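Engineer: Here you go, sequence then predicted model.
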Amino acid sequence: MGEPTCSRKVEWTGTGMEKTERRQIRVYGIVQGVGFRPAVDRHAHALGIRGTVANRGSFVEINAEGVPSVLDEFERRVKEQPPERAVILKMDVKLLEQSPAAGFGDIAGQSQESDGFRIVESEKTSGEIFISPDIAICDTCKAELFDKNSRRYLHPFINCTCCGPRFSLLEALPYDRERTSMKKFPMCPQCRREYFDPKSRFYDAQPVCCNDCGPQVYLIERAGETDRRICAGRNHCCEGNWRLSSRMQCSRRGCGDAPQKAEETADETICRHGER
């Protein structure tokens, strides 16, 4: 999805005496679904590096241009300051040709005239692929979930680049929204703005959604052979909790399409995953 990037302050651009060079960096490991591309994008903009980052299925590919000392610092940050859930197994770095005939656009998905750094469309390549599991809600999302002034108040599918469904959403690789079950839920204008905002914790978060545009939760009561919808949205939480506390059996299906059943007992809640 092509959107204009916001201007950001550059921390360091080197000594000013060095010639620029181009490097291709391939990062292998758990680098899909963990906010790796947004992290790389932030490092690049902080250092004034030009280029692109993309998922290639079995690795993340970075094409970067800058002075050698700044590129060295960029490599260090990518390696030592990855997203919390990422696991880097190895990094391959090679120097790219400076030949004008080759063109930076040919190797990085940018035109000769373009500036800055950006996330570009993913492409699938062969190789061993590591996928992040679903990640439990982070503290920031948890606080927003119970904030009555938030538009995601009690939104059961709240997530960001640090948490939320990953593996259970995936339908194909590379990991992008159009290849997950979230492709059925177009982002509202507010979520879309957050998705493209480098300063937002939802930046490039593929499952991002809210109460207005995301999956909906509703409670259905089965009466014989028929189903009757009782309530939806935030109200289902109160009704569902009451039914569980009354030892009634409930089932639910998440946005990753994994059905679950829960039954409240005197001492514990038993959750068991059903088959897809």
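Structural biologist: That came through fine.
Engineer: quick one, helices of the stretch 51-200 of the chain?
Structural biologist: For the stretch 51-200 of the chain, applying DSSP state H, counting those that start in this stretch gives helices covering 68-80, 104-108, 139-145, 189-195.
Engineer: Format these as CSV; extra columns: mean pLDDT, mean neighbour count and distance to Glu178.
Structural biologist: Yep, even glycine has a C-beta here, placed from its N, CA and C like the rest. CSV is the format used below for these (pLDDT from 0 to 100; neighbours: other Cβ atoms under 10 Å; distance: least, Cβ to Cβ, whole Å):
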stretch, mean pLDDT, mean neighbour count, distance to Glu178
helix 68-80, 97, 17, 26
helix 104-108, 44, 18, 22
helix 139-145, 95, 14, 23
helix 189-195, 97, 16, 13
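Engineer: Nearest to Arg22, out of the ones you listed?
Structural biologist: helix 104-108 (6.7 Å; Cβ to Cβ).
Engineer: picking that back up, out of the helices of the stretch 51-200 of the chain, nearest to Pro207?
Structural biologist: helix 189-195 (10.3 Å).
Engineer: Same list (the helices of the stretch 51-200 of the chain) but as TSV, adding distance to Arg118.
Structural biologist: TSV is the format used below for the helices of the stretch 51-200 of the chain (distance: least, Cβ to Cβ, whole Å):
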stretch	distance to Arg118
helix 68-80	15
helix 104-108	9
helix 139-145	25
helix 189-195	14
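Engineer: which one of those helices lies closest to Asp204?
Structural biologist: Closest among the helices of the stretch 51-200 of the chain, using Cβ to Cβ: helix 189-195, at 6.7 Å.
Engineer: low-scoring pLDDT stretches of the stretch 1-150 of the chain, where are they?
Structural biologist: In the predicted model of the stretch 1-150 of the chain, residues 1-17, 98-115, 124-127 satisfy pLDDT under 70.
Engineer: one more time with 50
Structural biologist: With pLDDT under 50 as the threshold, the stretch 1-150 of the chain has low-confidence stretches at 1-2, 4-7, 100-114.
Engineer: Tell me where the protein has strands.
Structural biologist: Assigned strands in the chain, in chain order: 21-30, 50-55, 60-66, 87-96, 117-119, 218-223, 226-232, 250-253, 259-264, 269-273 (criterion: DSSP state E).
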